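Undergrad: please work out how this folds:
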Amino acid sequence: MNINKQFIQEILEPLKKTTNAASAAIMDVYNSENFNTEIKSDGSPVTEADNKANDIITSSLQNITPDIPVISEETYQKGDQNPSGPYWLVDPLDGTKGFINKDGNFTVNIALVENGMPIFGIIEAPASGKVWFGSFFERPGRRYRLGALFAFLGPLSIIPWILQSRNYGPYSQTKEMINGKIVYKDGPLRLVMSKNHQTKTDKDFLAYLSSNDIAYSLVEKGSSLKLCALADNEADIYPRFGPTSEWDIAAGHACLIKNGGRVCQMASGEHLAYTKDDSILNPAFVGFRNTYLKDKYLGLISEFYKKLV
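TA: Prediction:
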(Lines give C-alpha, C1' and ligand atoms only; values in the text may rest on other atoms or scores of the structure.)
Protein backbone atom coordinates (compact mmCIF):
# COMPACT_ATOMS: atom_id res chain seq x y z
CA MET A 1 0.00 0.00 0.00
CA ASN A 2 1.33 3.40 -1.02
CA ILE A 3 0.58 5.86 1.77
CA ASN A 4 1.21 9.39 0.55
CA LYS A 5 -0.29 12.85 0.71
CA GLN A 6 -3.04 11.97 -1.77
CA PHE A 7 -4.02 8.91 0.26
CA ILE A 8 -4.33 11.02 3.42
CA GLN A 9 -6.44 13.61 1.59
CA GLU A 10 -8.82 10.90 0.34
CA ILE A 11 -9.48 9.44 3.80
CA LEU A 12 -9.54 12.71 5.75
CA GLU A 13 -13.26 13.48 5.44
CA PRO A 14 -14.36 9.92 6.36
CA LEU A 15 -12.04 10.10 9.37
CA LYS A 16 -13.54 13.42 10.46
CA LYS A 17 -16.97 11.78 10.34
CA THR A 18 -15.59 8.90 12.38
CA THR A 19 -14.22 11.07 15.19
CA ASN A 20 -17.42 13.10 15.13
CA ALA A 21 -19.59 9.99 15.52
CA ALA A 22 -17.38 8.69 18.32
CA SER A 23 -17.51 12.09 20.04
CA ALA A 24 -21.31 12.15 19.83
CA ALA A 25 -21.49 8.71 21.47
CA ILE A 26 -19.10 9.86 24.19
CA MET A 27 -21.11 12.99 24.91
CA ASP A 28 -24.35 10.99 25.12
CA VAL A 29 -22.82 9.06 28.01
CA TYR A 30 -21.13 12.18 29.44
CA ASN A 31 -24.45 14.02 29.64
CA SER A 32 -26.34 11.11 31.19
CA GLU A 33 -27.05 11.11 34.90
CA ASN A 34 -25.13 7.90 35.58
CA PHE A 35 -22.67 5.77 33.63
CA ASN A 36 -20.81 2.59 34.41
CA THR A 37 -17.11 2.72 35.27
CA GLU A 38 -14.80 -0.28 35.65
CA ILE A 39 -11.13 -0.64 36.56
CA LYS A 40 -8.90 -2.48 34.09
CA SER A 41 -6.07 -4.83 35.03
CA ASP A 42 -3.54 -1.99 34.73
CA GLY A 43 -5.49 0.09 37.25
CA SER A 44 -6.86 2.59 34.75
CA PRO A 45 -10.59 3.32 34.52
CA VAL A 46 -12.79 2.45 31.56
CA THR A 47 -16.37 3.55 30.97
CA GLU A 48 -19.16 2.58 28.62
CA ALA A 49 -18.22 5.66 26.60
CA ASP A 50 -14.75 4.15 25.93
CA ASN A 51 -16.34 0.98 24.63
CA LYS A 52 -18.98 2.68 22.50
CA ALA A 53 -16.43 4.98 20.89
CA ASN A 54 -14.10 2.05 20.30
CA ASP A 55 -16.78 0.08 18.46
CA ILE A 56 -17.57 3.05 16.22
CA ILE A 57 -13.94 3.79 15.39
CA THR A 58 -12.73 0.24 14.75
CA SER A 59 -15.72 -0.56 12.55
CA SER A 60 -15.27 2.67 10.58
CA LEU A 61 -11.53 2.18 10.08
CA GLN A 62 -12.09 -1.37 8.85
CA ASN A 63 -14.52 0.01 6.25
CA ILE A 64 -12.32 2.96 5.20
CA THR A 65 -9.05 1.01 5.00
CA PRO A 66 -9.78 -2.73 5.16
CA ASP A 67 -6.13 -3.64 4.53
CA ILE A 68 -4.75 -1.64 7.47
CA PRO A 69 -4.96 -3.36 10.88
CA VAL A 70 -6.19 -1.53 13.97
CA ILE A 71 -4.59 -1.49 17.42
CA SER A 72 -6.85 0.05 20.05
CA GLU A 73 -6.35 0.61 23.76
CA GLU A 74 -9.61 -1.19 24.49
CA THR A 75 -8.76 -4.39 22.59
CA TYR A 76 -4.95 -4.58 22.86
CA GLN A 77 -3.56 -7.55 24.76
CA LYS A 78 -0.05 -7.60 26.18
CA GLY A 79 2.13 -9.68 23.89
CA ASP A 80 0.21 -8.82 20.72
CA GLN A 81 2.59 -8.58 17.79
CA ASN A 82 3.01 -5.21 16.12
CA PRO A 83 2.00 -5.27 12.44
CA SER A 84 4.87 -5.35 9.95
CA GLY A 85 3.32 -2.59 7.84
CA PRO A 86 1.24 0.51 8.55
CA TYR A 87 -1.44 0.28 11.21
CA TRP A 88 -3.99 2.42 13.00
CA LEU A 89 -3.29 3.25 16.64
CA VAL A 90 -6.44 4.29 18.51
CA ASP A 91 -7.35 5.67 21.89
CA PRO A 92 -11.14 5.98 21.68
CA LEU A 93 -11.34 8.07 24.86
CA ASP A 94 -8.05 9.57 26.00
CA GLY A 95 -8.37 11.19 29.41
CA THR A 96 -10.97 8.94 31.00
CA LYS A 97 -10.28 10.54 34.39
CA GLY A 98 -11.16 13.94 32.92
CA PHE A 99 -14.31 12.37 31.48
CA ILE A 100 -15.29 10.93 34.86
CA ASN A 101 -14.53 14.27 36.56
CA LYS A 102 -16.52 16.04 33.84
CA ASP A 103 -13.83 18.67 33.26
CA GLY A 104 -13.87 18.50 29.45
CA ASN A 105 -10.23 17.34 29.22
CA PHE A 106 -10.64 14.24 27.07
CA THR A 107 -10.17 13.45 23.40
CA VAL A 108 -10.67 10.91 20.63
CA ASN A 109 -7.28 9.92 19.17
CA ILE A 110 -6.62 8.16 15.86
CA ALA A 111 -3.11 7.84 14.42
CA LEU A 112 -1.66 6.07 11.40
CA VAL A 113 1.78 4.64 12.17
CA GLU A 114 4.36 3.47 9.65
CA ASN A 115 8.05 2.65 10.10
CA GLY A 116 7.95 3.68 13.73
CA MET A 117 6.51 7.14 13.09
CA PRO A 118 2.98 8.58 13.33
CA ILE A 119 2.52 9.75 9.74
CA PHE A 120 -1.03 11.00 10.29
CA GLY A 121 -3.13 11.89 13.28
CA ILE A 122 -6.59 13.24 13.99
CA ILE A 123 -7.92 14.32 17.38
CA GLU A 124 -11.34 15.56 18.42
CA ALA A 125 -12.24 17.08 21.77
CA PRO A 126 -15.87 15.95 22.25
CA ALA A 127 -16.70 18.58 24.88
CA SER A 128 -15.76 21.47 22.56
CA GLY A 129 -16.10 19.86 19.14
CA LYS A 130 -12.66 21.12 18.13
CA VAL A 131 -10.68 18.94 15.71
CA TRP A 132 -6.94 18.80 15.03
CA PHE A 133 -5.29 16.81 12.27
CA GLY A 134 -1.90 16.68 10.64
CA SER A 135 0.36 14.48 8.59
CA PHE A 136 4.04 13.81 8.11
CA PHE A 137 3.58 14.94 4.49
CA GLU A 138 2.69 18.47 5.62
CA ARG A 139 5.73 18.98 7.85
CA PRO A 140 7.43 22.37 7.38
CA GLY A 141 10.71 20.85 6.17
CA ARG A 142 9.05 19.84 2.91
CA ARG A 143 8.07 23.47 2.32
CA TYR A 144 11.52 24.83 3.14
CA ARG A 145 13.11 22.93 0.26
CA LEU A 146 10.71 24.47 -2.23
CA GLY A 147 11.59 27.95 -1.04
CA ALA A 148 15.29 27.15 -1.10
CA LEU A 149 15.09 26.58 -4.84
CA PHE A 150 14.37 30.28 -5.24
CA ALA A 151 16.94 31.54 -2.75
CA PHE A 152 19.20 32.79 -5.53
CA LEU A 153 16.47 35.12 -6.80
CA GLY A 154 17.43 38.05 -4.57
CA PRO A 155 14.43 39.38 -2.60
CA LEU A 156 12.62 36.11 -3.07
CA SER A 157 15.21 34.44 -0.86
CA ILE A 158 12.96 35.43 2.04
CA ILE A 159 10.43 32.83 0.90
CA PRO A 160 11.92 29.93 2.93
CA TRP A 161 11.98 32.10 6.05
CA ILE A 162 8.33 33.08 5.60
CA LEU A 163 7.30 29.50 5.02
CA GLN A 164 8.95 28.22 8.18
CA SER A 165 8.20 31.15 10.47
CA ARG A 166 4.59 30.34 11.32
CA ASN A 167 5.49 28.27 14.36
CA TYR A 168 9.19 29.00 14.71
CA GLY A 169 11.11 31.22 17.09
CA PRO A 170 11.12 31.78 20.84
CA TYR A 171 8.08 31.41 23.05
CA SER A 172 7.48 35.10 23.67
CA GLN A 173 9.60 38.22 23.55
CA THR A 174 9.76 41.67 25.05
CA LYS A 175 11.48 44.71 23.57
CA GLU A 176 13.88 46.89 25.51
CA MET A 177 15.87 49.93 24.42
CA ILE A 178 19.53 49.43 25.40
CA ASN A 179 22.18 51.97 24.31
CA GLY A 180 19.84 53.31 21.68
CA LYS A 181 19.14 49.88 20.18
CA ILE A 182 16.06 47.67 20.43
CA VAL A 183 16.95 44.39 22.17
CA TYR A 184 14.57 41.43 22.21
CA LYS A 185 14.44 39.26 25.33
CA ASP A 186 12.74 35.90 25.63
CA GLY A 187 9.72 35.81 27.90
CA PRO A 188 8.64 33.08 30.35
CA LEU A 189 8.69 29.52 29.04
CA ARG A 190 5.17 28.20 28.74
CA LEU A 191 5.07 24.65 30.11
CA VAL A 192 2.04 22.46 29.51
CA MET A 193 1.59 19.77 32.14
CA SER A 194 -1.02 17.26 33.14
CA LYS A 195 -4.19 18.50 34.77
CA ASN A 196 -4.82 15.18 36.53
CA HIS A 197 -1.40 13.49 36.81
CA GLN A 198 1.14 15.98 38.20
CA THR A 199 3.80 14.21 40.26
CA LYS A 200 6.63 15.02 42.66
CA THR A 201 9.03 14.73 39.71
CA ASP A 202 7.06 17.41 37.86
CA LYS A 203 7.41 19.72 40.85
CA ASP A 204 11.13 18.93 41.17
CA PHE A 205 11.54 19.79 37.50
CA LEU A 206 9.91 23.18 38.01
CA ALA A 207 12.29 23.83 40.91
CA TYR A 208 15.18 22.79 38.64
CA LEU A 209 14.14 25.37 36.04
CA SER A 210 14.00 28.05 38.71
CA SER A 211 17.47 27.08 39.95
CA ASN A 212 18.70 27.68 36.39
CA ASP A 213 17.06 31.13 36.29
CA ILE A 214 14.46 30.02 33.73
CA ALA A 215 11.17 31.83 34.18
CA TYR A 216 8.08 29.81 33.30
CA SER A 217 4.33 29.80 33.38
CA LEU A 218 2.08 26.73 33.59
CA VAL A 219 -0.63 25.66 31.18
CA GLU A 220 -2.71 22.79 32.56
CA LYS A 221 -4.31 20.41 30.09
CA GLY A 222 -5.47 16.82 30.10
CA SER A 223 -5.16 14.01 27.57
CA SER A 224 -3.79 14.82 24.10
CA LEU A 225 -4.81 18.44 24.59
CA LYS A 226 -1.26 18.99 25.89
CA LEU A 227 0.29 18.21 22.50
CA CYS A 228 -2.49 20.15 20.81
CA ALA A 229 -1.53 23.16 22.95
CA LEU A 230 1.98 22.99 21.46
CA ALA A 231 0.60 22.71 17.93
CA ASP A 232 -1.70 25.69 18.58
CA ASN A 233 1.13 27.85 20.00
CA GLU A 234 -0.59 27.97 23.39
CA ALA A 235 2.44 26.36 25.05
CA ASP A 236 6.11 25.78 24.30
CA ILE A 237 7.28 22.59 25.99
CA TYR A 238 5.55 19.47 27.30
CA PRO A 239 7.78 17.38 29.60
CA ARG A 240 6.38 13.96 30.46
CA PHE A 241 8.17 11.90 33.11
CA GLY A 242 5.31 9.58 34.03
CA PRO A 243 4.09 6.55 32.08
CA THR A 244 2.12 6.89 28.85
CA SER A 245 1.16 4.45 26.13
CA GLU A 246 1.76 4.89 22.42
CA TRP A 247 -1.93 5.41 21.67
CA ASP A 248 -2.01 8.29 24.18
CA ILE A 249 0.25 10.53 22.12
CA ALA A 250 0.67 9.23 18.55
CA ALA A 251 -2.11 11.36 17.05
CA GLY A 252 -0.97 14.49 18.88
CA HIS A 253 2.61 13.78 17.81
CA ALA A 254 1.53 13.78 14.16
CA CYS A 255 -0.35 17.06 14.60
CA LEU A 256 2.74 18.59 16.20
CA ILE A 257 5.01 17.42 13.37
CA LYS A 258 2.72 19.20 10.91
CA ASN A 259 3.34 22.45 12.77
CA GLY A 260 7.12 22.10 13.00
CA GLY A 261 7.29 20.58 16.47
CA ARG A 262 9.25 17.62 17.80
CA VAL A 263 8.83 14.88 20.40
CA CYS A 264 12.13 13.53 21.78
CA GLN A 265 13.17 10.89 24.28
CA MET A 266 14.57 12.51 27.40
CA ALA A 267 17.33 9.97 27.93
CA SER A 268 18.83 9.92 24.43
CA GLY A 269 17.47 13.06 22.79
CA GLU A 270 16.40 10.94 19.81
CA HIS A 271 12.99 11.23 18.18
CA LEU A 272 10.33 9.20 19.94
CA ALA A 273 9.73 5.98 18.02
CA TYR A 274 6.70 3.69 17.93
CA THR A 275 6.15 -0.02 17.20
CA LYS A 276 8.47 -1.12 19.99
CA ASP A 277 8.50 -4.91 20.15
CA ASP A 278 8.81 -5.24 23.92
CA SER A 279 6.25 -2.74 25.20
CA ILE A 280 3.49 -0.36 24.18
CA LEU A 281 4.72 2.06 26.87
CA ASN A 282 6.65 5.20 25.98
CA PRO A 283 9.87 6.25 27.68
CA ALA A 284 10.02 9.66 29.35
CA PHE A 285 9.76 12.26 26.59
CA VAL A 286 9.49 15.97 25.94
CA GLY A 287 7.49 17.72 23.26
CA PHE A 288 8.67 21.00 21.76
CA ARG A 289 6.64 23.53 19.83
CA ASN A 290 9.50 24.01 17.37
CA THR A 291 13.14 23.16 16.74
CA TYR A 292 14.36 26.46 18.22
CA LEU A 293 13.04 25.37 21.60
CA LYS A 294 14.34 21.82 21.15
CA ASP A 295 17.85 23.02 20.39
CA LYS A 296 17.80 25.41 23.33
CA TYR A 297 16.30 23.22 26.07
CA LEU A 298 16.66 19.52 25.23
CA GLY A 299 20.14 19.27 26.77
CA LEU A 300 19.03 20.95 29.99
CA ILE A 301 15.97 18.72 30.33
CA SER A 302 17.98 15.56 29.56
CA GLU A 303 20.48 16.56 32.25
CA PHE A 304 17.70 16.77 34.82
CA TYR A 305 16.25 13.42 33.73
CA LYS A 306 19.58 11.60 33.92
CA LYS A 307 19.88 12.59 37.57
CA LEU A 308 16.61 10.74 38.23
CA VAL A 309 17.62 7.38 36.78
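
Undergrad: could you check the pLDDT of residue 91?
TA: Residue 91 is assigned 97 on the pLDDT scale.

Undergrad: just name the shakiest helix or strand of this protein by mean pLDDT.
TA: helix 159-164 (a mean of 42; mean pLDDT, DSSP states H and E).

Undergrad: which residues of the stretch 101-250 of the chain score low on pLDDT?
TA: For the stretch 101-250 of the chain, the stretches flagged by pLDDT under 70 are 141-177, 181-186, 196.

Undergrad: again, 80 this time
TA: Confidence mapping of the stretch 101-250 of the chain against pLDDT under 80 gives the ranges 140-187, 195-198.

Undergrad: quick one, helices of it?
TA: Along the stretch 101-250 of the chain, counting by DSSP state H, counting those that start in this stretch, helices occupy 140-148, 159-164, 200-211, 225-231, 246-258.

Undergrad: would you mind giving the domain segments of the protein?
TA: Structural domains assigned to the chain are 5-138, 140-168, 185-308, following automatic domain parsing.

Undergrad: just the terminal-to-terminal distance for the longest one.
TA: The stretch domain 5-138 measures 8 Å between its terminal residues, going by C-alpha to C-alpha, to the nearest Å.

Undergrad: for that domain, the distance to its chain's centre please.
TA: Domain 5-138 sits 13 Å away from the centroid of its parent chain (C-alpha atoms, centre = their mean, to the nearest Å).

Undergrad: next, format the domains of the chain as TSV and append mean neighbour count and distance to residue 179.
TA: Any C-beta I mention is one placed from the backbone N, CA and C, and that applies to glycine too. Below are the domains of the chain laid out as TSV (neighbours: other C-beta atoms under 10 Å; distance: least, C-beta to C-beta, whole Å):
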stretch	mean neighbour count	distance to residue 179
domain 5-138	18	43
domain 140-168	13	27
domain 185-308	19	14
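
Undergrad: report pLDDT for residue 80.
TA: Note for residue 80: predicted pLDDT of 68.

Undergrad: any idea which of the helices of the stretch 101-250 of the chain gets closest to residue 301?
TA: With C-beta to C-beta, the closest approach to residue 301 among these belongs to helix 200-211: 8.0 Å.

Undergrad: centre of the chain to the closest one, how far?
TA: The answer for helix 200-211 is 22 Å, by C-alpha atoms, centre = their mean.

Undergrad: hang on, the earlier thing: redo the domains of the chain as JSON lines? Include distance to residue 178.
TA: Shown next, in JSON lines, are those (distance: least, C-beta to C-beta, whole Å):
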{"stretch": "domain 5-138", "distance to residue 178": "40"}
{"stretch": "domain 140-168", "distance to residue 178": "25"}
{"stretch": "domain 185-308", "distance to residue 178": "10"}
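
Undergrad: strands of the stretch 101-250 of the chain, residue ranges please.
TA: Secondary structure of the stretch 101-250 of the chain by DSSP state E, counting those that start in this stretch: the strands cover 107-114, 117-125, 130-135, 173-178, 181-186, 189-194, 216-221, 237-240.

Undergrad: who touches the last one?
TA: Same thing as strand 237-240. Under the contact criterion C-beta atoms under 8 Å, 6 or more residues apart in numbering, strand 237-240 has outside partners 189-194, 202, 205, 226-227, 229-230, 266, 282, 284-289, 293, 297, 301.

Undergrad: before we move on, back to that, of the helices of the stretch 101-250 of the chain, give the one that comes closest to residue 106.
TA: Residue 106 lies closest to helix 225-231 among those, at 8.4 Å (C-beta to C-beta).

Undergrad: what is that closest one packed up against?
TA: If contacts are counted by 3 or more C-beta pairs under 8 Å, 6 or more residues apart in numbering; DSSP states H and E, helix 225-231 sits against strand 117-125, strand 130-135, strand 189-194, strand 216-221, strand 237-240, helix 246-258, strand 285-288.

Undergrad: so what touches the third one?
TA: By C-beta under 8 Å, 6+ apart, the list of residues contacting strand 189-194 from outside reads 171-172, 202, 206, 209, 214-222, 226, 229-230, 234-240, 242, 297.

Undergrad: could you tell me the end-to-end distance of stretch 98-113?
TA: End-to-end for stretch 98-113, by C-alpha to C-alpha: 26 Å.
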